[in-house]
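Asks: pasting the sequence and the predicted model now:
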Amino acid sequence: MSVTTKGPLPAEPYDVTVVGAGVVGSAIARELAGHHRLRVALVEASGDVGDGTSKANTAILHTGFDAVPGSLEARLVREGSRLLAAYAAESGIPVEPVGALLIAWDEEQLAALPGLLKKAERNGYDEARIIGADEVRAREPHLGEGALGALDVPGESIICPWTTTLAYATQAVREGVDLHLNCTVEKVGSSPPGGSECHELTTPRGVVRTRYLINAAGLHADALDRRVLGRGAFTVTPRRGQLIVFDKLARDLVSHILLPVPTALGKGVLVAPTVYGNVLLGPTAEELDDRRATGTTGEGLAGLRAKGRRILPALLDEEVTAVYAGLRAATEHDDYQIHGSPEERYITVGGIRSTGLTASMAIAEYVVGLLAEAAGPDLDLTVAGNLDPVSMPNLGEAFLRPYQRADLIATDSAYGSIVCHCERVTRGEIRDALISTVPPGSLDGLRRRTRARGGRCQGFYCGAAVRELFDGWGESGAAR
Amino acid sequence: MRRQRSVDVLVVGGGPAGLAAAARLAASGAGTVEVLEREARAGGVPHHCHHGGFGRWGVTGPQYAERLVEDALGAGAAVRTGVSATGWAGPLSLDTTGPHGLERITARALILATGARERPRTARLVPGSRPAGVFTTGELQQAVNIYRQEIGTRAVVVGAEPVSYAALSALRRAGVEVAALVTEEKRPQVGRCRAAAARLGVPSVPLVTGAVVAELMGRGRLSGVRLRRGDGRDGRECVLACDTVVFTGDFVPDHELARRGGVLLDAGTRGPAVDGSFRTASPGVFAVGSGVHAVVPARVAAGEGVRVARAVRGHLEGVGWPCGAVPVVVGAPLRWVAPNLLSPGAPGSRFVLRTAKALVCPVLVVSQDGRCLYRQRVLGKVLPNRGLYFSGSWVGKVDAGGGPVRVALG
């Protein structure tokens, strides 16, 4: 079991290497980890897992009711939703089954609801129903004026995206997968013919040799495709989504995920509670060329606030806790782009858009199936051993947090010592994260593992204290 | 298991206001007085301010904080550090978490002295990337003065009010070059000498007025801030290279506990609405200091602590809680007024105002239902982010059954 952040890479070839430790790549690595005889590597350009698209999404566990019927995405979202719900319950990933309402604000949107209901049924989801304006008002009393009706989708849930990726990566690493961070794949070649043929991935830290290669590089999946195959089946067009997170005192304003009704003019913005007890408003949808443009803009935020005011007027009076932007790996295709190239011993997992979190476990099963097909007897993927369950620290408000647990504090007073007051994160939780299987490489990584510094004060009270703990226990200080 | 206890007076927050109240109450025999301080040390913000000028003798912040703590302890109050009030269990009962476990503490009188915080970059909706190197003064002062952490090499300070100049001196202590102070206002909101000392000092720090931070730039670490001068989209823009930016001022009361407990808040201050005796609309609950109106200097907060003590004693002795208070409201360009409730029979106290716009020799008018209660020409300039104090001599004229009292400045 190892996580490396610097220094040379092992010379011995891996059987399978997954490029990209986002939610999809980590799920694939975890799925492969069950095959204990394989040597598996997970290679990531950033200094942390889940540091790209996976960290900045709308944190919803979808039912897949609105997918394109018959598509691969529809199938994998449906399967993945069930798999992830079960995995979350087993691993302590916070999930709240709050349900969603697709609110119709005008006649056109109202007229679209029956079609969406049919689509849900064709996707095998039959719990949705259309409700009238009165019921909408009764269920969401703080909603703005003018809601005409809604599609009620009770199966939609909110989830912690950070813990999900971290749970996959943790489990994979504990089962023997090597996680190599700070390893941007700059070049792909193959070892000279004659010997056992390997892909050679050149990274700033050296070369990774691997017999089979899985591309889960998210926003960079098309570029990696071209490096390996010399051609690509798709082009990634980053779609930026800016989001505003409102303070916890806004949480009582909304009970469900309030989804927009998709129309010809686009998908619109949603208002959703988060498992941390905040309220999310967003996202924008901006097609960009720059794959690193994760900044927010004045126009984007102003536009979101204008839309939010219509949906939930009182929300705009609350303090803003955070603003962020994520890039979704959209392509010119309507469906996931998952292709195996048996000749090249290579699988592309691209075009995984906003549903990737929900579908991640089903994508992983599907990809390992493709790998088994492509490799045949060359890779022994027939027998999967059991994975030791992981138990992740709880970041969710719907479950007891350490500061609320007298039993835990009695065994270790560090759980009674709150360091980050806004989010009520204790010294014990911060320490645990810093010495965990996949420790954070930065304060942002620590925030995603504990919520420390993620609250309304953004470090006004606790920033320096949290940094002190990080410097003392982090990479350099763990041995002290 | 939650341990249950009772005290006579429970103070939430061990800053100047809370400690001064506890000291006065314990000394006057108000029974058991306990202060809950969530930080490891009591004393509040002065602990992080290593400059002088605190209290009557102008001592440093930490010295002032120590004196407050000693006074409270010496008077017989209990000061419990590292203990957080996490929620309410009844009108005068709080749940707490500390290293020794969970407790439920019920009091006969509760004083909220929770202080204020600066609004961070996110709450100000400053667009751009999310790099490291973005601070508030609160975080900066703790990083420099308590933890001696590395800050950066070149900084921009956003704001030109007293706290902004405090940030400037913290940056200098940390060896950080300060590229500029940037304010949306037309002039700094500190005394002439202080502003000139920064501008003309060695090294000198330019003050950029009439400018807002339009974007934070940089990946991983801040590389610069984009400034926009002038109004709207036509404004001129420039980029200041820096690896550190400090957002100063723009204080808001830390009102979460009050709000979770259903304590009525004032729309202007966003802190609990209080009358001249610091009584909130919830019987038995008092509120003082920057948690009521952000932000006041330490000595003003401590003064409020002293004054609340008398009202708390009255409450403990059975003086009835006022009902049917008349609200005091403000109109633009005023941000807020405090106190903002007028209870029948409450002492005529001093009021403090905060304006959003600089005004020269404005006229202050207090009225109720169109009837003028008080009128005064204010001499000199009234500046944003600075308090304007005025007398409560007119309180006796208020009709207890009338509409809200309006304070206007124009």
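Replies: Here it is on my side, so go on. Predicted model only: the values in this text are computed from it and were never measured.

Asks: just checking, A:Leu304 touches A:Ile244?
Replies: Yes: assessed by CB atoms under 8 Å, A:Leu304 is found in contact with A:Ile244 at 5.6 Å. No exception for glycine: its C-beta is placed from N, CA and C like everyone else's.

Asks: of these two, who's got more company?
Replies: A:Ile244 (27 against 21; other CB atoms under 10 Å in any protein chain shown).

Asks: can you name the residues bridging to that one?
Replies: Note on A:Ile244: beta-bridge partners by DSSP bridges are A:Leu281, A:Val323.

Asks: ok, it - contacts?
Replies: Residues counted as contacts of A:Ile244 (CB atoms under 8 Å, 6 or more residues apart in numbering or on different chains) are A:Leu280, A:Leu281, A:Gly282, A:Leu301, A:Leu304, A:Arg305, A:Gly308, A:Val320, A:Ala322, A:Val323.

Asks: what parts of the stretch 201-350 of chain B come near chain A?
Replies: Residues of the stretch 201-350 of chain B lying close to chain A (CB under 8 Å from any CB of the partner chain) are B:Ala214, B:Glu215, B:Leu216, B:Arg219, B:Val252, B:Glu256, B:Arg259, B:Arg260.

Asks: so the fifth one belongs to a strand, correct?
Replies: Read it as B:Val252. Yes: with DSSP: H, G, I helix; E, B strand; the rest coil as the criterion, B:Val252 is assigned to a strand.

Asks: show me the contacts for it.
Replies: Contact analysis of B:Val252 by CB under 8 Å, 6+ apart lists A:Glu319, B:Ala116, B:Arg117, B:Arg119, B:Arg270, B:Ala294.

Asks: just the buried residues of the helix or strand A:Gly308 falls within, please?
Replies: Per DSSP states H and E, A:Gly308 falls inside helix A:298-311. Neighbour-count burial for helix A:298-311 flags A:Gly300, A:Leu301, A:Leu304, A:Lys307, A:Gly308, A:Arg310, A:Ile311 (criterion: 16 or more other CB atoms under 10 Å in any protein chain shown).

Asks: can you give me the helices in the stretch 251-400 of chain A?
Replies: Along the stretch 251-400 of chain A, the stretches classed as helices by DSSP state H, counting those that start in this stretch are A:298-311, A:356-375.

Asks: among those helices, which is nearest chain B?
Replies: Smallest distance to chain B across the helices of the stretch 251-400 of chain A (CB to the nearest CB): 4.9 Å, for helix A:298-311.

Asks: identify the residue nearest the residue in the stretch 301-450 of chain A that chain B sits nearest to in space, chain neighbours excluded?
Replies: Residue of the stretch 301-450 of chain A nearest chain B, by CB to the nearest CB: A:Ser413 (3.9 Å). Leaving out its chain neighbours, the residue that sits closest to A:Ser413 by CB to CB, 6 or more residues apart in numbering or on different chains is B:Pro99, at 3.9 Å.

Asks: which residues touch the one you found?
Replies: A:Ile409, A:Ser413, A:Ala414, A:Gly416, A:Ser417, B:Gly82.

Asks: that's all I had, so thanks and see you.
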